[in-house]
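heads up, no residue letters with this:
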């Protein structure tokens, strides 16, 4: 708990670049001329502070984040970043789709469908369609 | 409670086709190459299992679903299906608009407005504008 | 749209008393020494302004409100008022339970269960348990 | 609490026009042929009834509304109206961005980012980018 | 997708009993005299239908469900069931606490704190406090 | 952006103690044996990092936080902390009640009522009832 805030940001930015292959960077760029401070916290607090902790693996964290964002709703922009992050952490398209399927029991069809359509968009960009189950 | 899952799906699909005149089918098509399993549950569990139960009429169910989706928020895709479903179950445009108006007291102006703009889109496609009150 | 605000409140208060048999009044009493203004709007805007409009029946409105509140979540206090209101508008316990069952498809098990446990509490107070389906 | 509903609406409409410089009017126009009643309440109850009360300044009210809408989520259309309203009430772009930054602690990165991107859109339309902090 | 609904329920009930050690059963009991149908679906659709699918491990599913329920909010009753389920699927208290810590970035402090206080309650019942990190 | 994480926490803790007069400390105590890490971030990121920034006054920040938490819903524990914080930052009970009244337009009666009942609880503890408007 003693890391300097700028170190956290730099470390987080590097981790983000490895994690999501571009989608997160585009979001940071969009924030650059309006709220670099929000951009800074969103990187430093997630990838810089929490994701590096050893208590959970990167794969566990990305799976979990898909669940949090789907349950929350209205987080399509972040879901796009984290479907990429999930793929890059080793989750397969089939596992990602299964995770979103499970969410339907807890948060209902609309949020599960919204999240699945974001996954579809990312899969299409990465030539991963159709998903084989 | 003893229906076979595939029977439920087939029965639900038939009911969906009668209910919404195309909007639901387009959503199922969008899910086909990414999550046919989600597509299957969303039909089997709603139109296949619950909507056929005699405790509430189809009109009651569609009115209720408008309320649930408006209160939930972020469910514009499903609202489009169910504004169509509500019209096909015999609710008039004026009744639908009144239902969304009532929601403003409980979930506030933004969700009521979002839902009303979805209804406007469906009404426009079906030549039902302007709504006469 | 020309009713005076105080008339709306008086009319709404009378309607509320007929509608819910006490639960709404207890809520208004709880607000009396902290926000009589909120108490006033919540009565005037719902029962005073909207519920008297002829576009939907009282039964339709109470069914719809159950849906809105269940989809919204975190509205247990209002749900208690409106499960009472629904019973007083002629909805049977079986219909109310069926409405909450339907919500599970759209907003998931947790919100459906929360709402059903509120209904159970009201049914118990009114000696309506067990619900026969 | 004795104002006539139509007076409230007229007063609110005048206040809205001064407050937001067009974004609110466009929303009212979009509702005109589908739900003039919703349009009427959203103006009468906010700008017509509450915003004119002396307990909070216009600047306080617009700051507060930014918080409510960001916490609620899915309220991008209203946020556009109220980022304009906040600027017109004297809040600077830097203060608005700071308010949205603060929200990240309470409602998380996705809602803070969504709101900030709405603010960016309004700032761009009014030649207020980049925001200087 | 061809399982009979009652088989699904029986299979799910057995899985639930193994999974959560009592908390889920208490919830089913609470629903028994008001909505056995909701009780039935919540078991058949989750543990009976989805949790038995091989695409994700039981540990993955329970981790994911913690995320979904925390993001959703207002799901304390289900969280109690699934903190138990997570422990029984092999997640350690430290991993569960870390998962809820991660959620703070995406859904904010209040939902993360609510979920963590539910976990604390379950840990206390099972003599797992204090959590060693 | 260069503060060390522990400095941020210490500074935040001191600020929290001045701000809320005990309610926040009780929450931190409740988290101590289950998630000191969550306790640490919730203090360091809010009072330690953001609240000390000069872009908004303490009064502005507390008013804003009331709005965010009310719009979010399900944040009664944090609202209790921040109704205290708002009073300590110079907002009067009448201003706090007015802020919660305004929220009804945007997030509906149930969330406005829930928040107002939390405020009532805090006002009662501090002998500030009845609120004079």
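In hand now; what should we look at? A quick note: this is a predicted structure, and the numbers were derived from the prediction, not measured. Numbers count the residues shown, from 1 in each chain, chains lettered A, B, ... in the order given.

so for the helix or strand residue A:17 falls within, mean pLDDT?
Taking DSSP states H and E as the definition, one finds residue A:17 inside helix A:5-20. Averaged across helix A:5-20, pLDDT comes to 83.

direction-wise, compare the next helix-or-strand element following it with helix A:5-20 and give the angle.
Beyond helix A:5-20 in the direction of the C-terminus, DSSP H and E gives the next helix or strand as helix A:23-31. Counting by axes from the mean of the first three to the mean of the last three CA atoms, to 10 degrees, helix A:23-31 points 130 degrees away from the direction of helix A:5-20.

and the strands in chain A?
Under the criterion DSSP state E, strands are not mapped anywhere in chain A.

follow-up on the earlier one: next one: the helix holding residue A:17 to chain centre, how far?
Mean C-alpha position of helix A:5-20 versus that of the full chain (CA atoms, centre = their mean, to the nearest Å) differs by 14 Å.

report whether stretch A:108-128 contacts chain F.
No. Judged by CB under 8 Å from any CB of the partner chain, stretch A:108-128 stays clear of chain F, getting no closer than 15.9 Å. C-beta: built from backbone N, CA, C; applies to glycine.

that stretch near chain D at all?
No. With CB under 8 Å from any CB as the threshold, stretch A:108-128 lies outside contact range of chain D, at a closest distance of 11.0 Å.

chain center to that stretch: distance?
Between the mean C-alpha point of stretch A:108-128 and the mean C-alpha point of its chain there is a distance of 13 Å (CA atoms, centre = their mean).

kindly report the same for stretch A:84-91.
Distance of stretch A:84-91 from its chain centroid, counting by CA atoms, centre = their mean, is 9 Å.

for stretch A:22-34, same thing?
Offset of stretch A:22-34 from its chain centre (CA atoms, centre = their mean): 14 Å.

what's that stretch in contact with?
Outside stretch A:22-34, the residues within contact range by CB atoms under 8 Å, 6 or more residues apart in numbering or on different chains are A:16-17, A:38-39, A:42-43, A:77, A:80-81, A:84-85, A:122, D:97, D:113, D:116-117, D:119-120, D:123, D:129-131.

what about chain A, any weak spots by pLDDT?
Low-confidence regions of chain A, defined here as pLDDT under 70, cover residues A:1-5, A:133.

for residue A:55, which non-adjacent residue is closest in space?
Counting by CB to CB, 6 or more residues apart in numbering or on different chains, residue E:98 is the residue found nearest to residue A:55 once chain neighbours are left out, at 3.8 Å.

show me which residues of chain A are close to chain C?
Taking CB under 8 Å from any CB as the contact definition, chain A meets chain C at A:104-110.

tell me the one among these nearest to chain B.
Closest approach between the residues of chain A next to chain C and chain B, by CB to the nearest CB: residue A:110, at 3.7 Å.

so who does that closest one touch?
Contacts of residue A:110 were listed using CB under 8 Å, 6+ apart, and they are B:69, B:72, B:74-75, B:77-78, C:106.

tell me which parts of chain A are close to chain D?
With the criterion set to CB under 8 Å from any CB, chain A comes near chain D through A:27, A:30-31, A:33-38, A:41-42, A:45-46, A:69, A:72-75, A:77-78.

ok, which stretches of chain A are helices?
Listed in chain order, the helices of chain A (DSSP state H) span A:5-20, A:23-31, A:36-43, A:58-72, A:76-88, A:93-125.

now tell me what touches the fifth one from outside.
Helix A:76-88 is touched from outside by A:18-24, A:27, A:62-63, A:65-66, A:69-70, A:93, A:96, A:114-115, A:118-119, A:121-123, A:126, A:128, D:109-110, D:113-114, D:117, E:106, with contacts defined as CB under 8 Å, 6+ apart.

for residue A:71, list the residues it contacts.
Listed by CB under 8 Å, 6+ apart, the contact set of residue A:71 reads A:103, A:106-107, A:111, E:67-73, E:107.

in CSV: those, plus distance to residue F:89.
As requested, those are arranged in CSV below (distance: CB to CB, whole Å):
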residue, distance to residue F:89
A:103, 39
A:106, 38
A:107, 36
A:111, 36
E:67, 34
E:68, 36
E:69, 33
E:70, 30
E:71, 30
E:72, 31
E:73, 26
E:107, 26
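
how near is the residue nearest to residue A:55 to residue F:16?
With distances defined as CB to CB, to the nearest Å, the gap from residue E:98 to residue F:16 amounts to 24 Å.

with residue A:30 instead?
Look at residue A:30 and residue F:16: by CB to CB, they are 33 Å apart.

out of the residues of chain A next to chain C, which two sit at the greatest distance?
Within the residues of chain A next to chain C, two members stand farthest from each other by CB to CB: A:105 and A:110, at 13.4 Å.

tell me how far the most centrally placed residue in chain A lies from residue B:30.
For chain A, the residue nearest the mean C-alpha position is residue A:82 (1.8 Å; CA atoms, centre = their mean). Taking CB to CB as the criterion, residue A:82 is separated from residue B:30 by 21 Å.

residue A:108 now?
Going from residue A:108 to residue B:30 by CB to CB gives 18 Å.

coming back round to it: angle of the helix holding residue A:17 against helix A:36-43?
Calculated by the same axes, to 10 degrees, helix A:5-20 forms an angle of 70 degrees with helix A:36-43.

near chain E at all, helix A:5-20?
No. Figure legend: helix A:5-20 not in contact with chain E (CB under 8 Å from any CB); closest approach 10.9 Å.

list the buried residues in that helix.
Within helix A:5-20, the residues that qualify as buried are A:5, A:8-9, A:11-13, A:15-16, A:19-20, counting by 16 or more other CB atoms under 10 Å in any protein chain shown.

tell me what that helix is packed against?
Identification of packing neighbours for helix A:5-20 by 3 or more CB pairs under 8 Å, 6 or more residues apart in numbering or on different chains; DSSP states H and E yields helix A:23-31, helix A:36-43, helix A:76-88, helix F:5-20.

ok, 6 Å please
Other elements packing on helix A:5-20 under the criterion 3 or more CB pairs under 6 Å, 6 or more residues apart in numbering or on different chains; DSSP states H and E are helix A:36-43, helix A:76-88.

could these go into JSON lines alongside distance to residue C:57?
Rendered in JSON lines, the data for the helices and strands packed on helix A:5-20 read as follows (distance: least, CB to CB, whole Å):
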{"stretch": "helix A:36-43", "distance to residue C:57": "48"}
{"stretch": "helix A:76-88", "distance to residue C:57": "38"}
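
re earlier: what angle do the helix holding residue A:17 and helix A:58-72 make?
90 degrees.

hmm, back to that, can I get the buried part of the residues of chain A next to chain D as one PyMOL selection?
A single PyMOL command is used to select the members of the residues of chain A next to chain D judged buried by 16+ other CB under 10 Å:
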select buried, chain A and resi 27+30+31+34+35+36+37+38+41+42+45+46+69+72+73+74+75+77+78
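
before we move on, the earlier item: just put the residues of chain A next to chain C in TSV and tack on distance to residue E:50.
Compiled in TSV, the residues of chain A next to chain C are given as follows (distance: CB to CB, whole Å):
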residue	distance to residue E:50
A:104	8
A:105	7
A:106	10
A:107	13
A:108	14
A:109	14
A:110	18
